[in-house]
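S.K.: I need the structure of the sequence given here:
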Amino acid sequence: MDQYSGQLNGIFQALADPTRRAVLGRLGKGPASISELAEPFDMALPSFMKHIHILEDSGMIRTRKEGRVRTCAIEKKQFAVVQDWLSEQRAIWEGRTDRLEQFVITEQEKEKSK
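M.R.: Here you go, the predicted model:
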């Protein structure tokens with residue numbers, strides 16, 4: 001877990017907000033300009049830009065500026081970090097539940113043999 005902790009803190013902070021999750025959902029369909037992304041939200045552009053900066057700082061998105069238009073796109077490698085961490089957690093918890101199941105079965109067999 002230590003290998004991911006720094007990255008995961010920023011990623012989960014970015015994912016904690018519904019506006020940022022909605023932006024990521026939209027970017028899952030392809031790159032979009034800031035104005036396109038901001039359109040469905042009832043907030044001032046400076047407030048919306050704070051969300052964009054958090055997503056960019058977490059590495060979840062990247063932005064590029066062409067002329068006066070800033071375009072955002074998903075950064076897929078950060079999603080791989082989350083997937084790797086979740087896979088490790090799943091393996092840990094599956095092992096624990098398997099051991100618990102075995103313990104319960106063993107205890108039940110002991111009770112039956114009494």
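S.K.: Quick one: name whatever helix or strand follows the lowest-mean-pLDDT helix or strand in the chain.
M.R.: For the chain, counting by mean pLDDT, DSSP states H and E, helix 5-15 ranks last in confidence among helices and strands (a mean of 85). Heading C-terminal from helix 5-15, the first helix or strand you meet, by DSSP states H and E, is helix 18-27.
S.K.: one step back: which residues are in contact with the least confident helix or strand of the chain?
M.R.: Helix 5-15 has contacts (Cβ atoms under 8 Å, 6 or more residues apart in numbering) with 20-21, 24, 54-55, 57-60, 78, 81-82, 85. The C-beta positions use only the backbone N, C-alpha and C, and glycine is treated the same way.
S.K.: Surely Ala38 is in contact with Phe48?
M.R.: Yes: using Cβ atoms under 8 Å, Ala38 is in contact with Phe48, at 4.5 Å.
S.K.: circling back: may I see the buried residues of the least confident helix or strand of the chain?
M.R.: 7-8, 10-11, 14 (16 or more other Cβ atoms under 10 Å).
S.K.: most surrounded residue in the contacts of helix 5-15?
M.R.: Highest neighbour count within the contacts of helix 5-15: Leu55, with 29 neighbours (other Cβ atoms under 10 Å).
S.K.: For this protein, give me the ranges with low pLDDT.
M.R.: Along the chain, the parts satisfying pLDDT under 70 run over 1-5.
S.K.: Run through the strands of it in chain order.
M.R.: Under the criterion DSSP state E, the chain contains strands at 32-33, 61-66, 69-74.
S.K.: Switch these over to a markdown table, and while doing so, append mean neighbour count to every line.
M.R.: Below are the strands of the chain laid out as a markdown table (neighbours: other Cβ atoms under 10 Å):
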| stretch | mean neighbour count |
| --- | --- |
| strand 32-33 | 16 |
| strand 61-66 | 13 |
| strand 69-74 | 16 |
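S.K.: Tabulate the ones you listed (TSV), appending distance to Arg96.
M.R.: Converted to TSV, the strands of the chain look like this (distance: least, Cβ to Cβ, whole Å):
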stretch	distance to Arg96
strand 32-33	42
strand 61-66	35
strand 69-74	33
